[in-house]
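J.: sequence-free structure coming up:
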């Protein structure tokens, strides 16, 4: 179900809207089989006649207790003032706080789109996600508190040049226990990357959910940039209810390739060493004809996070407080890299080694995709 749908409208001005407790149509679910409702608290020009929308403004508004997403919301032009979606909040969504997409009424966003001035907390998937076939996607000036699967940007195209960027983002750890459920794992920031296609804004088939879960080949031309990132109050690896949490984590849908995650200017405030990262191994369930073939995909085994100009504040602090360091996966041979120390709580390694890189090579064999020969 949809709480509010803006459709084929121009110059709509909304200030101080509260949309809350929008639930799924349980009767429809029983009768529909694999079909699902198109859902959200607020669908802003994302359902029908999207090209008919222009110059709509939503500010100082809240979407809470939403099914699927609090907001399905157009972005704005890169390096341009945010004049369409300002100081809005989502919380307690059963999936996403906001699903951002480039505004089709602005042709420039076919090349670069930005979302900014948004906050989300206590969402059961991402506080915010952008997943589209625009080659430059950006998040800027946002705050997030205690979301289960952090935030992420995902390209959905094949290109030699894709840029995924974040700047001035504040991400807070656990502030209180979830009342009805205990997530096995919570993470603050999911690594960005690109797949060959994107998904609909409002899927109609259950197989399309969750949005981030695609298991497609990665797009190799992707570069990431995270500037002036702030991580607050990740004081323990364990949550109050007994689950686990960490700041950095790899996207559960990236089975093939994860580009280098490049950070410049990072503040760790009240961050325990055990809660810095968790890098998951490829699930054995991926070993099948549809996903990875007869042996597992290796994307999660080739993670490289490069951090420059890190600052540490408060207490606790990580065991090592270097301004420049890297994080890599727990892979065969990782222990042999100079300057790398194993961190079992991360399932990875902390490194001071400027020579680390990701090597890409392409197979031209006929069985490249199915490994059938």
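T.: Yes, it's here. Only a predicted model underlies this, so the values are computations on that prediction, with no experimental measurement involved. Numbering: from 1, shown residues only.
J.: and residue 240, how many residues sit next to it?
T.: Using other Cβ atoms under 10 Å, residue 240 has 12 neighbouring residues. Every C-beta, even on glycine, is put in place using the N, C-alpha and C of the backbone.
J.: Doesn't it lie inside a helix?
T.: No. Secondary structure of residue 240 (DSSP: H, G, I helix; E, B strand; the rest coil): coil, not part of a helix.
J.: could you measure residue 339 against residue 326, distance?
T.: Residue 339 is 9 Å from residue 326, where distance means Cβ to Cβ, to the nearest Å.
J.: which neighbours do those two share?
T.: 351-353 (Cβ atoms under 8 Å, 6 or more residues apart in numbering).
J.: So between residue 339 and residue 326, which is more surrounded?
T.: residue 326 (26 against 14).
J.: mind checking how far the more buried one is from residue 36?
T.: 41 Å.
J.: try residue 265
T.: 41 Å.
J.: Which of these two has more residues huddled nearby?
T.: Neighbours per residue, other Cβ under 10 Å: of residue 265 and residue 36, the larger number sits with residue 36, 20 against 16.
J.: what residue is smack in the middle of the protein?
T.: residue 152 (1.8 Å; Cα atoms, centre = their mean).
J.: thought it was touching residue 125?
T.: No. Contact between residue 152 and residue 125 fails when scored by Cβ atoms under 8 Å: they sit 9.8 Å apart.
J.: Between the two, which contacts overlap?
T.: Common neighbours of residue 152 and residue 125 (criterion: Cβ under 8 Å, 6+ apart): residue 212.
J.: List the buried residues for the longest strand anywhere in the chain?
T.: As assigned by DSSP state E, the longest strand anywhere in the chain is strand 222-234. The neighbour-count check on strand 222-234 (16 or more other Cβ atoms under 10 Å) flags 222, 224, 226-234 as buried.
J.: ok, now stretch 70-85?
T.: For stretch 70-85, a neighbour-count test (16+ other Cβ under 10 Å) marks 70-78, 82, 84-85 as buried.
J.: For residue 212, state which of those is nearest.
T.: Nearest to residue 212 among the buried residues of stretch 70-85 is residue 72, at 15.1 Å by Cβ to Cβ.
J.: Could you look up the SS state of the closest one?
T.: strand.
J.: Mind pulling up the pLDDT for it?
T.: Residue 72 is assigned 97 on the pLDDT scale.
J.: The spatially closest residue to residue 1 that is not a sequence neighbour: neighbouring residues, count only.
T.: Leaving aside its sequence neighbours, residue 1 sits nearest to residue 25 (Cβ to Cβ, 6 or more residues apart in numbering; 5.4 Å). Here the count is done by other Cβ under 10 Å, and residue 25 has 14 residues near it.
J.: what about residue 25, distance to residue 307?
T.: On the measure of Cβ to Cβ, residue 25 and residue 307 end up 45 Å apart.
J.: now residue 4
T.: 41 Å.
J.: the more surrounded of the two?
T.: Between residue 4 and residue 307, counted using other Cβ under 10 Å, residue 307 has the larger neighbour count: 21 against 16.
J.: mind listing what that one touches?
T.: Counted by Cβ under 8 Å, 6+ apart, residue 307 has contacts 263, 266, 324-327.
J.: among those, who's most crowded?
T.: residue 326 (26 neighbours).
J.: ok, now which ones touch the residue lying closest to residue 295 once chain neighbours are set aside?
T.: Spatial nearest neighbour of residue 295, excluding adjacent residues (Cβ to Cβ, 6+ apart): residue 287 at 6.5 Å. Residue 287 sits next to 293-296 when contact means Cβ under 8 Å, 6+ apart.
J.: Kindly report the same for residue 65.
T.: Per Cβ under 8 Å, 6+ apart, neighbours of residue 65: 20-22, 41, 91-93.
J.: for residue 246, what are its contacts?
T.: 185-188, 234, 237, 274-278, 346.
J.: Distance to residue 312 for the buried residues of stretch 70-85 - can I get that in JSON lines?
T.: Below are the buried residues of stretch 70-85 laid out as JSON lines (distance: Cβ to Cβ, whole Å):
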{"residue": "70", "distance to residue 312": "33"}
{"residue": "71", "distance to residue 312": "34"}
{"residue": "72", "distance to residue 312": "37"}
{"residue": "73", "distance to residue 312": "35"}
{"residue": "74", "distance to residue 312": "38"}
{"residue": "75", "distance to residue 312": "33"}
{"residue": "76", "distance to residue 312": "34"}
{"residue": "77", "distance to residue 312": "36"}
{"residue": "78", "distance to residue 312": "32"}
{"residue": "82", "distance to residue 312": "31"}
{"residue": "84", "distance to residue 312": "37"}
{"residue": "85", "distance to residue 312": "34"}
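J.: between these, which is closest to residue 209?
T.: Within these, proximity to residue 209 (Cβ to Cβ) peaks at residue 72, which comes in at 13.9 Å.
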